[in-house]
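K.L.:
below is the sequence, then the predicted model.
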Amino acid sequence: MSQIGTTLTQFLTEQDNSPAESRGELTALLGDVATACKRLSHLVRMGELAGVLGAAGQENVQGEDQKKLDIIANEVFIDSMQRSGLLAGVASEEMDSHYPIPSQFKRGEYLLAFDPLDGSSNIDVNGSTGTIFSITRHAGKDAPSDADFLKSGREQVCAGYCLYSSASMLVLTTGQGVTGFTLDNSVGEFILSHPDITVPASTSEYAINASYSRHWLAPEKRYIDECNAGVDGPRMRNFNMRWAGSMVGDVHRILCRGGVFIYPLDARLKADGKEGKLRLLYEANPMGMLIEQAGGMAHTGTQPILDIEPYTLHQRVPVIMGSSEEVARLVEYHADNIND
Ligand code: P6P
């Protein structure tokens, strides 16, 4: 008999040490997340053949031009998740306020914050994109408000992403390490393929959008200049640079082989009154939990990302995450800069 390997549900069931009364709930919820990701994986793979490419002709709450697939991905995720019977509400990059579970569906005690299609500027050129999700518990028994989503990253019970690339991969943590599953399209299951993912402590590869270098603040200027000085410079080795244009693509590479992902606060963002580009609740926090669970560091330059107490749903933060030795070095440069 042909074996298909360990399915997502089998793995989560075996890892589930929760109290008897709630056992299986997170497994069921992540099963619905997986269904939504399978639906999106199919649409991404079909691309123009499914008529999902191109601009939607409207902006999202962030003031960003939406792609058709941004809107479709949001709708697909809500359609798959709202009937789980386990969610009290959903918050999304694509919606101004949270989405309460309609009264005709059972409500549960979890809250889901997600970026339905991260890196959507890559979609029209067949580049890597992904869905990022963060799950917390809803303290109250009533319908949640936006304020109920404002929890620090330390309160996440689960975080993960689905990467839509040469393979579709679901990578997640429930606080017991990081595990990767690859979508086997022949059976429509995410199959365990990357147990115990860990980030190497050291690296010679950084990820940053170098076109903004004229706007960088002193710590990033110093760090990147030293990397680029190579073997003759203070780091005494050559560095490589990668920038996928999708956080999911860059963070996945870093989880697989090490590296440091940098989307800092810079003079351009400060001039716009912004605290960063990437969003805390559904980008930095879930990715930060994954990186920390894999043995890396996730920081803003002045504090660990997961320690931040959010004050608004679409809050932006600076992001430095990946191999601990390099993140620690940049944090040190930020500390030096504060004393300047
Ligand atoms: P830039 C995608 O829009 C995103 O939110 C992340 O996925 C990605 O890392 C970053 O923005 C890319 O930003 O300024 O290089 O286009």
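P.N.:
In hand now; what should we look at? Residues are numbered from 1 along each chain as shown.
K.L.:
and the top helix by length along the chain, what does it pack against?
P.N.:
The helix spanning the most residues in the chain, taking DSSP state H as the definition, is helix 25-46. In terms of contacts (3 or more CB pairs under 8 Å, 6 or more residues apart in numbering; DSSP states H and E), helix 25-46 is packed against helix 8-15, helix 68-81, strand 110-118, strand 129-137, strand 158-164, strand 168-173, strand 178-184, strand 189-197. Heads up, the C-betas are built off the backbone N, CA and C, glycines and all.
K.L.:
specify the angle between the second one and helix 25-46 in degrees.
P.N.:
Put plainly, it is helix 68-81. For helix 68-81 against helix 25-46, the angle by axes from the mean of the first three to the mean of the last three CA atoms, to 10 degrees is 150 degrees.
K.L.:
what residues does the stretch 101-250 of the chain put near the ligand?
P.N.:
Residues of the stretch 101-250 of the chain lying near the ligand by CB under 6 Å from any ligand atom: 118, 119, 121, 209, 245, 246, 247.
K.L.:
again, only using 5 Å
P.N.:
Counting by CB under 5 Å from any ligand atom, the positions of the stretch 101-250 of the chain adjacent to the ligand are 118, 119, 209, 246, 247.
K.L.:
tell me how many other residues surround the last one.
P.N.:
Residue 247 is surrounded by 25 other residues when neighbours are defined as other CB atoms under 10 Å.
K.L.:
ok, it to residue 207 distance?
P.N.:
With distances defined as CB to CB, to the nearest Å, the gap from residue 247 to residue 207 amounts to 9 Å.
K.L.:
if we can go back for a sec, mind giving me CSV with the helices and strands packed on helix 25-46 and columns for mean neighbour count and mean pLDDT?
P.N.:
Supplementary listing: the helices and strands packed on helix 25-46 in CSV, determined by neighbours: other CB atoms under 10 Å; pLDDT from 0 to 100:
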stretch, mean neighbour count, mean pLDDT
helix 8-15, 16, 96
helix 68-81, 21, 95
strand 110-118, 27, 98
strand 129-137, 26, 98
strand 158-164, 27, 98
strand 168-173, 24, 98
strand 178-184, 22, 98
strand 189-197, 17, 98
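K.L.:
dump these into JSON lines; add distance to residue 255 as well.
P.N.:
Compiled in JSON lines, these are given as follows (distance: least, CB to CB, whole Å):
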{"stretch": "helix 8-15", "distance to residue 255": "17"}
{"stretch": "helix 68-81", "distance to residue 255": "22"}
{"stretch": "strand 110-118", "distance to residue 255": "15"}
{"stretch": "strand 129-137", "distance to residue 255": "12"}
{"stretch": "strand 158-164", "distance to residue 255": "10"}
{"stretch": "strand 168-173", "distance to residue 255": "7"}
{"stretch": "strand 178-184", "distance to residue 255": "7"}
{"stretch": "strand 189-197", "distance to residue 255": "5"}
